[in-house]
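Engineer: after the sequence you'll find the predicted model.
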Protein chains: 2
Amino acid sequence: MQQQVLVSAHRLQEFGQAVFEKVGVFPQHARQTAEILVDANLRGIDTHGIYLSSLYARRLQKKLFNPEPDFHFEKRRAGVGVLDADFSLGQPATLEATRQAVKLAKDAGVGIVAVKNSNHFGAAAYYANYMAEQGCIGLVMCDGECDVIPFGGKEKFLGTNPICCSVPSGEKPWFCMDMATSEVAFGKVRAAAEAGKTIPANWAVDRDGNPVTDATQAYAVVPMSGAKGYALGLMIEIFSSRLTAMPYGAQIIRKFDDWENKSFMGHFIQAIDIEAFCPLNEFKKGMDELIEDLKSQPKAPGIEEILIPGEPEWRTKVTREKQGCPIRKEDLDLLRRLGVDLGVPFPA
Amino acid sequence: MQQQVLVSAHRLQEFGQAVFEKVGVFPQHARQTAEILVDANLRGIDTHGIYLSSLYARRLQKKLFNPEPDFHFEKRRAGVGVLDADFSLGQPATLEATRQAVKLAKDAGVGIVAVKNSNHFGAAAYYANYMAEQGCIGLVMCDGECDVIPFGGKEKFLGTNPICCSVPSGEKPWFCMDMATSEVAFGKVRAAAEAGKTIPANWAVDRDGNPVTDATQAYAVVPMSGAKGYALGLMIEIFSSRLTAMPYGAQIIRKFDDWENKSFMGHFIQAIDIEAFCPLNEFKKGMDELIEDLKSQPKAPGIEEILIPGEPEWRTKVTREKQGCPIRKEDLDLLRRLGVDLGVPFPA
């Protein structure tokens, strides 16, 4: 096991906020971005957590993100709008889009906001959960730099293209699906390679497009369930990029590698106001009924409990709110260096 | 190979329409239902084609479908409505919902229609393609009688829950994803069992919840990519059933087996008016650019061509419009018997 330390969410958030303020980000945006990153740490999605503050701060310093964006939201119809994020950090831009989507939905019953000129927005669940807290079904899609081959291809073309949906119920945890449409995230392949482990043959391909079990030979990951994940990933690519003429997967710059060019990211945010269909408390009861029924189903051999999508993350959050968030040794080094550079000591 | 005959789409449609009229269906609904069934035959989705006219006619005769439904559409908000299908054949009800969704979208930018008290609607692509022809992105979801275990469970709980999305481009074929969220349709498992073939270990489980390769031992199919398909299938279950308090998978009656009880099916139909975001011809150009780029990507070993979701069905349709639709021997017997019973000779 790697060495890691536990840091409270509160202190991680203070750190993140101070970092972003130091590189010139609006205080409100700095706070929002830190909160959204740390929410991912709390829910156990550390790949989308506070360690990204280093990447973001470096890109802000290079003027590849705009620290003081001038958001421009245009309502196009009763249920539709477009947000120009002006190259902002993705988090405050997407949060603003989410708020506008809820506002549209409270009026028209459904609201869609397409975001353009944005950046990496972190974990999608924060925004979908925000909508669920407002009595809406929240739907979030985003493309990203390419890591996934198309079905039948051998070159990276699609992003891992997450789709996220959050639905309120009476009892917590709420339904919250947040998944990449690749069979696995590339991070899992990298982790296997570092650990000297093999990977299942349906995870990744080598440079020639052949399936590999040697993780060190993996070049690209494959869509989940072949043609199905390819179709779903491509749909998300279309929703994220084609409504606003943003670049798609193969054209999107690699944020960890390209230090010359801005990203032009598009996102797709949709809220459905449940009250447009039925009273919210009735809907929540209906969700409770479904979830209770599901959880009381007979288990497969070796399985102790049937979980709802989002339930593992919910449980991790309850634990980490008490115990703190584990920060891996390598991220600790990264964040400490960032803290030294900016005069904002990392709290561990 | 099984014996099969080729029948023109035109003659299949005349047959279907006459069958439905014979059992008392409104002529317009009879025509629509036949057209939607035969469109599935044309596109090669024979499991959702004309052979279903037998099932539908039998259920109509037993008053389990309502041949003369009184549709009630209620616009709830600028972008949202609910259609009570009054136990109609699913096809005319869903087509009506699709038209209403487009109408809402042309006004509010996006339109959602939740359908209740409906029945099996055939293949979702017809409705999504209809929306795409109107300059919209079409999205269709539906649950169904349970065949799929939840992730971690061993009892059937979810339907194979299709999701379908159609998007117009300049050149045809258009993007059209239409897929079950199970790893495979149960029909494929049945076909393997009949042919005495084994199935991959990630397709199905036996009565104890253990993965099987002996197709004859398969009891239920599994969600695509495990937890991911489970989440997606459950989302579709929620969209289809919880907004209108319709039954969900485990409660939905089995249309081929239960001859006592009506179905209470829910569907979810969404149209997004592309013109709310950008001029339609610009959007179509952007789609053409993406598709051309995708199709020119390097191929995996042994692959001749990268296909767009919907392209195989499109090609099949072009062929079958010229050559006719193959009807399998067993379906031929079924349809001939139906024709004899109703005095509507099957045209082959």
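Structural biologist: In hand now; what should we look at?
Engineer: CA atoms for contacts and neighbours, from now on please.
Structural biologist: OK.
Engineer: chain center to the worst-scoring helix or strand of chain A on mean pLDDT: distance?
Structural biologist: Counting by mean pLDDT, DSSP states H and E, chain A has its least confident helix or strand at helix A:186-194, which shows a mean of 88. Relative to the centre of its chain, helix A:186-194 is centred 19 Å away, using Cα atoms, centre = their mean, to the nearest Å.
Engineer: near chain B at all, whichever helix or strand comes after that helix?
Structural biologist: Scanning forward in sequence from helix A:186-194 by DSSP states H and E, the next helix or strand is strand A:204-205. No - Strand A:204-205 lies out of reach of chain B by Cα under 8 Å from any Cα of the partner chain, never closer than 9.5 Å.
Engineer: so what does strand A:204-205 touch, helix or strand wise?
Structural biologist: strand A:220-221 (3 or more Cα pairs under 8 Å, 6 or more residues apart in numbering or on different chains; DSSP states H and E).
Engineer: average pLDDT across the strand it packs on?
Structural biologist: The average pLDDT within strand A:220-221 is 96.
Engineer: show residues contacting it.
Structural biologist: For strand A:220-221, the surrounding residues in contact (Cα atoms under 8 Å, 6 or more residues apart in numbering or on different chains) are A:147-149, A:155-156, A:182-186, A:203-207.
Engineer: swap in stretch A:37-47?
Structural biologist: Outside stretch A:37-47, the residues that reach it (Cα under 8 Å, 6+ apart) are A:9, A:12-13, A:48-50, A:52, A:122-123, A:126, A:313-317, A:320-321, A:324-325.
Engineer: got the buried residues for it?
Structural biologist: Across stretch A:37-47, burial judged by 16 or more other Cα atoms under 10 Å in any protein chain shown covers A:Leu37, A:Val38, A:Asp39, A:Ala40, A:Asn41, A:Leu42, A:Arg43, A:Gly44, A:Ile45, A:Asp46.
Engineer: got the CA coordinates for that stretch in PDB?
Structural biologist: Output of stretch A:37-47 as PDB, limited to C-alpha atoms (Å, rounded to 0.1, in the frame of the first residue of the first chain):
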ATOM      1  CA  LEU A  37     -13.100  19.200  -6.300                       C
ATOM      2  CA  VAL A  38     -13.200  18.300  -2.600                       C
ATOM      3  CA  ASP A  39     -16.700  16.900  -3.000                       C
ATOM      4  CA  ALA A  40     -15.100  14.300  -5.400                       C
ATOM      5  CA  ASN A  41     -12.500  13.500  -2.700                       C
ATOM      6  CA  LEU A  42     -15.300  13.000  -0.200                       C
ATOM      7  CA  ARG A  43     -17.200  10.600  -2.500                       C
ATOM      8  CA  GLY A  44     -14.000   8.600  -3.200                       C
ATOM      9  CA  ILE A  45     -13.500   9.900  -6.800                       C
ATOM     10  CA  ASP A  46      -9.900  11.000  -6.000                       C
ATOM     11  CA  THR A  47      -9.100  11.200  -9.700                       C
END
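Engineer: report the mean confidence score over it.
Structural biologist: On average, stretch A:37-47 scores 96.
Engineer: so how far is it from its chain's centroid?
Structural biologist: Centroid separation for stretch A:37-47 versus its chain: 10 Å, with Cα atoms, centre = their mean.
Engineer: next: stretch A:93-103.
Structural biologist: Remark: stretch A:93-103 is offset 15 Å from the chain centroid, using Cα atoms, centre = their mean.
Engineer: ok, now which ones touch A:Ser182?
Structural biologist: Neighbour list for A:Ser182: A:Val148, A:Thr160, A:Asn161, A:Val221, A:Val222, A:Pro223, A:Met224, A:Gly229, A:Gly233 [criterion: Cα under 8 Å, 6+ apart].
Engineer: where along the stretch 101-250 of chain A do the strands fall?
Structural biologist: A:110-118, A:136-142, A:163-167, A:175-179, A:204-205, A:220-221 (DSSP state E, counting those that start in this stretch).
Engineer: okay if I get these as CSV plus mean neighbour count?
Structural biologist: Formatted as CSV, the strands of the stretch 101-250 of chain A follow (neighbours: other Cα atoms under 10 Å in any protein chain shown):
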stretch, mean neighbour count
strand A:110-118, 28
strand A:136-142, 27
strand A:163-167, 26
strand A:175-179, 25
strand A:204-205, 27
strand A:220-221, 26
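Engineer: can I get those strands in a markdown table with distance to B:Leu338?
Structural biologist: As requested, those are exported to a markdown table (distance: least, Cα to Cα, whole Å):
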| stretch | distance to B:Leu338 |
| --- | --- |
| strand A:110-118 | 44 |
| strand A:136-142 | 44 |
| strand A:163-167 | 44 |
| strand A:175-179 | 45 |
| strand A:204-205 | 50 |
| strand A:220-221 | 49 |
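Engineer: B:Lys299 is nearest to which of those strands?
Structural biologist: With Cα to Cα, the closest approach to B:Lys299 among these belongs to strand A:204-205: 12.4 Å.
Engineer: for the closest one, which outside residues touch it?
Structural biologist: By Cα under 8 Å, 6+ apart, strand A:204-205 touches A:Lys154, A:Val189, A:Pro211, A:Val212, A:Thr213, A:Gln217, A:Ala218, A:Tyr219, A:Ala220, A:Val221, A:Val222.
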